[in-house]
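Trainee: Generate a structure from the sequence data that follows.
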Amino acid sequence: MNINGISFVMPMYNEARGIEAAVKSLSRMAGQLTGDYEIIISDDASSDDSAAIADTLAAEDPRIKVEHLRVNTKFGGALKAGLKRAGKDIVIYTDSDLPITFQDIKGALSLLNGSDIVTAFSRIAKGETLKRVIMSKVYNFLVRFLFGTDIKDINSGFKIYKKKIFLDMDLISESPFVDVEIFVRAMRKKFTIKQYPVIFRHRGKGTSYISRPAVILATIRDMLRFKWQKGS
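Mentor: Numbering: from 1, shown residues only. From the prediction side, this is the model:
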């Protein structure tokens with residue numbers, strides 16, 4: 001497909017050890033795809049030096065922009081803020097540790113012909129702890145049962161959206177459940193979703209916070225809130 005402008009959105013929380021390398025690597029990848037791109041770092045009220053590092057990167061390159069949240073939202077609020085700031089027709093979300101390669105981005109973009117969303121799933125076992133595996137299986141079962149989705153890895157760290165899907169989409173989730181909410185709202189509007197297999201790179205620096213008890217509780221809260229929202 002012909003690629004014009006791309007907005008890359010990277011939600012970030014306490015990634016001081018790796019965010020500079022990730023953003024510079026993503027900038028090189030973006031430049032190979034299009035001359036019209038922006039990278040939006042959405043800082044979820046980090047308590048380390050992440051925000052200052054992101055601001056320095058933005059000062060050095062006008063294509064890098066930073067959104068600062070004043071209160072930590074446990075991912076969902078940061079993703080929403082980044083998506084709202086995105087100004088290009090194609091929006092690519094990736095985790096801030098950049099678990100994907102240039103070939104992953106290029107291959108997934110090719111699926112936008114005839115679809116509105118491309119979402120990645122891991123084509124090999126991720127080697128996660130038993131706790132994480134059980135949590136993932138239970139969560140994905142609940143999502144399929146409650147919302148009728150058929151996505152292999154609904155919270156994967158790499159997704160591509162056509163910007164138009166977010167028109168009139170008023171997201172309510174603040175937790176990682178925001179991924180599910182986007183898919184469900186998009187499906188209700190008859191947008192087309194395709195899935196793309198990747199081998200996610202293991203995190204080299206920093207820590208994943210997805211399994212914190214506070215994040216799990218916030219996810220459950222948003223799931224129930226969205227399920228019982230009027231019209232849901």
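Trainee: How many neighbouring residues does residue 47 have?
Mentor: By other Cβ atoms under 10 Å, the residues close to residue 47 number 10. Glycine gets a C-beta too; all of them are placed from N, C-alpha and C.
Trainee: now the one 3 residues further on
Mentor: Using other Cβ under 10 Å, residue 50 has 25 other residues around it.
Trainee: wait, isn't it in contact with residue 13?
Mentor: Yes. Counting by Cβ atoms under 8 Å, residue 50 touches residue 13, with 7.4 Å between them.
Trainee: All the strands of the chain, residue numbers only.
Mentor: Assigned by DSSP state E, the strands in the chain fall at 6-12, 37-43, 64-68, 90-94, 117-122, 158-162, 193-198.
Trainee: which one of these lies closest to residue 218?
Mentor: Checking the strands of the chain against residue 218 by Cβ to Cβ gives strand 6-12 as the closest, at 14.3 Å.
Trainee: angle of that closest one against strand 37-43?
Mentor: 20 degrees (axes from the mean of the first three to the mean of the last three Cα atoms, to 10 degrees).
Trainee: List the buried residues for stretch 219-232?
Mentor: Under the neighbour-count criterion of 16 or more other Cβ atoms under 10 Å, stretch 219-232 has 219, 222-223, 225-226 buried.
Trainee: so of those residues, which ones are in helices?
Mentor: 219, 222-223, 225-226 (DSSP state H).
Trainee: related to what we said a few turns ago, joint contacts of residue 50 and residue 13?
Mentor: residue 43 (Cβ atoms under 8 Å, 6 or more residues apart in numbering).
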